[in-house]
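> Build me a structure from this.
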Amino acid sequence: MFLPSLSVVLSNYNHAKYLPRALEALFNQSVKPQQIIIIDDGSTDNSVDVISGFIKQDPSVEFILNEKNLGIFISIIKGLEKATCDYIYFAGADDYLLPGFFEKSLKLLAKHPQAGFCSSLSRRATESGDYLDTVPEPPYSANYSHYVSAQEIQNNMMNKNNWDFNPPTMVFNRKLIDEAKAFTLDSGRYIDGFATLLMSLQYGACFIPEELHVQVLKPNSVSADSDVYPESHLRDVTPSRKLMETTYADKFPPKIRDVIKRRHLYLYGAMVINQARQSHEDFLEGLKVSLDRLNLIDHLYFLSIRIFSRVQFLTAKLYLFLRLRNISYDIIIRVINRLKNRILPK
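Model prediction:
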């Protein structure tokens, strides 16, 4: 089967310890990219030495060295400007690909050239390799590889609260990126998320319900901050939401903008609740220390407080959900799966 050509842009900043794994996974794919661009964003560790060692194995690799740290988003734009192939994949230096990622993505895209991108599942893990979860969560629009039209995506977002796509796994149609002006620095730190929404609503997308990528979550990373700190989340998504309401308003119907706004507000509220719950736990632990030795009455007091607070936080989250999200079959299945994973972790 004839496969379209692929450019890969790998951006790195001080990830020397992860680079060998990421590069080996990239070079060992069953289908090789026709163009590999590695951008080092002014690293102060030995990243350049690691990259140089791999380039010796394949002199065709293009290496761009930023004299100072410009940020991941500048590197994305630089890589996009240098790319020449039909499709482009933006790789992370701290994550890595699983076997068959390029082959399966390109085969599906070859069957559906109208698609803006192809996306698959990520296995999220700790630095030590411990499994955390799989994103996105099931249920999916289908349990087989397929193309999802722009209209189907819009319906899924509005009626099912379902979003199958995952930016770290996306192989983009480069021509359609240019046509849609999808990657813009005006979208801020949510640059890939904005591009994803724009292209899926305009061209539709391919989806593979299979783990083909591993995302390593590290403390103090952009992903970790956005997953934990409410202020970071709002900061990241605000510029892109403004673009949806102004420059790209004709690409984002009002109902879709409202769904996206409500989803981000819900995530913000959920993070606030999680922060309050953690602060309350810290408060109780501190109170225990001040009491020194706990007697039976102390233990009963702390047990009652914990039960009351859990009910309070659970009620708050439920109220938040009912105010900002729509209950659907997919949401119910997702909640059941989360509860099952807590009881029977992988």
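
> Pull the number of nearby residues for Asn295.
9 (other C-beta atoms under 10 Å). Placement of C-beta: from N, CA and C, glycine included.

> repeat for Ile256
For Ile256, using other C-beta under 10 Å, the count is 17.

> what about it, which helix or strand?
If you go by DSSP states H and E, Ile256 is part of helix 254-291.

> elements contacting that helix?
helix 222-228, helix 230-245, helix 296-324 (3 or more C-beta pairs under 8 Å, 6 or more residues apart in numbering; DSSP states H and E).

> Helices of the stretch 101-250 of the chain, residue ranges please.
Ranges of helices within the stretch 101-250 of the chain are 101-111, 150-155, 174-180, 191-203, 222-228, 230-245, based on DSSP state H, counting those that start in this stretch.

> Identify whichever of the ones you listed lies nearest to Ser43.
With C-beta to C-beta, the closest approach to Ser43 among these belongs to helix 222-228: 16.4 Å.

> Over to Ile327. Which of the three states is it?
Under the three-state scheme (DSSP: H, G, I helix; E, B strand; the rest coil), Ile327 adopts coil.

> so what's it up against?
For Ile327, the contact set (C-beta atoms under 8 Å, 6 or more residues apart in numbering) comprises Phe321.

> Could you tell me how far it is located from Lys261?
Counting by C-beta to C-beta, to the nearest Å, the gap between Ile327 and Lys261 amounts to 18 Å.

> want to throw the helices and strands packed on helix 254-291 into TSV with mean neighbour count and distance to Ser75?
What follows is the helices and strands packed on helix 254-291, written out as TSV (neighbours: other C-beta atoms under 10 Å; distance: least, C-beta to C-beta, whole Å):
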stretch	mean neighbour count	distance to Ser75
helix 222-228	15	13
helix 230-245	17	17
helix 296-324	12	34
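
> among those, which is nearest Ser200?
The nearest among these, by C-beta to C-beta, is helix 230-245 at 13.2 Å.

> Val8: neighbour count?
By other C-beta under 10 Å, the residues close to Val8 number 25.

> Now it. Nearest residue, chain neighbours left out?
Among residues not flanking Val8 along the chain, Pro33 sits closest, at 4.4 Å (C-beta to C-beta, 6 or more residues apart in numbering).

> Look up phi and psi at that neighbour.
The phi and psi values for Pro33, taken as degrees, to the nearest 10, are phi -70, psi 150.

> residues contacting Pro167?
119, 192-193, 196.

> Surely Ile256 touches Asn156?
No: at 11.0 Å, Ile256 does not count as touching Asn156 under the criterion of C-beta atoms under 8 Å.

> that older thread, just send the contacts of Pro167 back as CSV, with pLDDT too.
Below are those laid out as CSV (pLDDT from 0 to 100):
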residue, pLDDT
Ser119, 98
Asp192, 92
Gly193, 92
Thr196, 96
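
> farthest-separated two in those residues?
Ser119 and Gly193 (12.2 Å).

> So those two - more neighbours on which side?
Using other C-beta under 10 Å, the more surrounded residue of Ser119 and Gly193 is Ser119, with 28 against 18.

> quick one: that one and Gly204 touch, right?
No: the criterion here is C-beta under 8 Å, and Ser119 misses it with Gly204 at 11.6 Å.

> picking up where we left off before, quick one: the helix holding Ile256 to chain centroid distance?
Taking C-alpha atoms, centre = their mean, to the nearest Å, the mean C-alpha location of helix 254-291 is offset from the chain mean by 20 Å.

> Which parts of it count as buried, going by neighbours?
256, 259-260, 263-271, 273, 277, 280 (16 or more other C-beta atoms under 10 Å).

> Now do the strands in the stretch 1-150 of the chain.
6-12, 35-40, 62-65, 87-92, 96-97, 117-125, 131-135, 146-148 (DSSP state E, counting those that start in this stretch).

> Residue ranges in the stretch 151-300 of the chain under the pLDDT threshold?
The model of the stretch 151-300 of the chain has pLDDT under 70 over residues 219-228.

> make it 90
Residues of the stretch 151-300 of the chain meeting the criterion pLDDT under 90: 158-164, 189, 217-235, 292-293.

> domain ranges for the chain?
1-94, 255-343 (automatic domain parsing).

> from the chain's centre, how far out does the last one sit?
To tie it back to what came earlier, the one meant is domain 255-343. 23 Å.

> begin at 271 from here
Renumbered: residue one is now 271, and that last one reads domain 525-613.

> can you tell me the distance between the two ends of it?
Domain 525-613 has an end-to-end distance of 37 Å (C-alpha to C-alpha, to the nearest Å).

> Longest strand in the protein, please.
The longest strand of the chain (DSSP state E) is strand 475-486.

> what lines up beside that strand in the sheet?
Strand 475-486 pairs in its sheet with strand 366-367 (antiparallel), strand 387-395 (parallel), strand 416-418 (antiparallel), by DSSP bridges.

> Turn these into a markdown table, including distance to Phe583.
Formatted as a markdown table, those follow (distance: least, C-beta to C-beta, whole Å):
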| stretch | distance to Phe583 |
| --- | --- |
| strand 366-367 | 36 |
| strand 387-395 | 24 |
| strand 416-418 | 36 |
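
> Right, I'll call it a day here.
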